[in-house]
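**Student:** Model the structure of this input:
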Amino acid sequence: MIEPWATASRYKEKFPKKSPFSKGIVAIHVRFRNDNDHGLKVNLQSIRLLVQLDEDNRQELVPLSADDVADTVMLKNNGKDPTTKRNPLPLPLPGGIPKGSRDANWTELRDACQNAGVPTSVVAAHSTVEGLIYFDLRGEVDLLATAHLYLPNIVTMGDNQPLSYFDIPLGHDSSD
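**Tutor:** Coordinates of the predicted model:
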């Protein structure tokens, strides 16, 4: 199951004080269900959000860590300017924000992002794992209409046999 959280109201329960959505970050709620007799491992860092910026410009966004989300929401001023020409979305910079700038509010948001995120990359036999994966769309939620979530690296535990990749369109109605 894949559900983009494309409205501010979706974030209120998990993020009552400061919402990632307020700074242009979109969470995608994923549920991995394993009906097999063997465990599976999902490489969460290899997941990509494929967005079509225009007819000739497609970009792959990497998922944000809880630290990246907290940095963007609490420390950066990255509001969307509707008068500027749409440029490719930036990938997070390595290292992020200097750690000295982080306070108790930052830590609280980071912890909320971790708690709401996918808790593990391992899906045991006959079980389900679910949580949020975050992407910085700089507030351009309309990009979800043509976006795809790409899950390339899912392997069986023990023998590391790859399963088929998944390329899931998000263009369906994602309202609450």
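
**Student:** For the residue most central in space within the chain, which non-adjacent residue is spatially closest?
**Tutor:** Taking Cα atoms, centre = their mean, the centroid of the chain lies closest to Tyr134, which sits 2.2 Å from it. Distance criterion Cβ to Cβ, 6 or more residues apart in numbering; nearest residue to Tyr134, sequence neighbours excluded, is Leu64 at 4.3 Å. For the C-beta atoms, the positions are set from N, CA and C on the backbone; glycine is no exception.

**Student:** hmm, back to that, and the pLDDT at the residue nearest to the centre of the chain?
**Tutor:** Tyr134 carries a pLDDT value of 98.

**Student:** The longest helix anywhere in the chain: which residues count as buried?
**Tutor:** Longest helix in the chain, counting residues (DSSP state H): helix 104-116. By neighbour count, with 16 or more other Cβ atoms under 10 Å as the criterion, the buried positions of helix 104-116 are Trp106, Leu109, Arg110, Ala112, Cys113, Gln114, Ala116.

**Student:** ditto for stretch 119-138
**Tutor:** Buried residues in stretch 119-138 (16+ other Cβ under 10 Å): Val123, Val129, Gly131, Leu132, Ile133, Tyr134, Phe135, Asp136, Leu137, Arg138.
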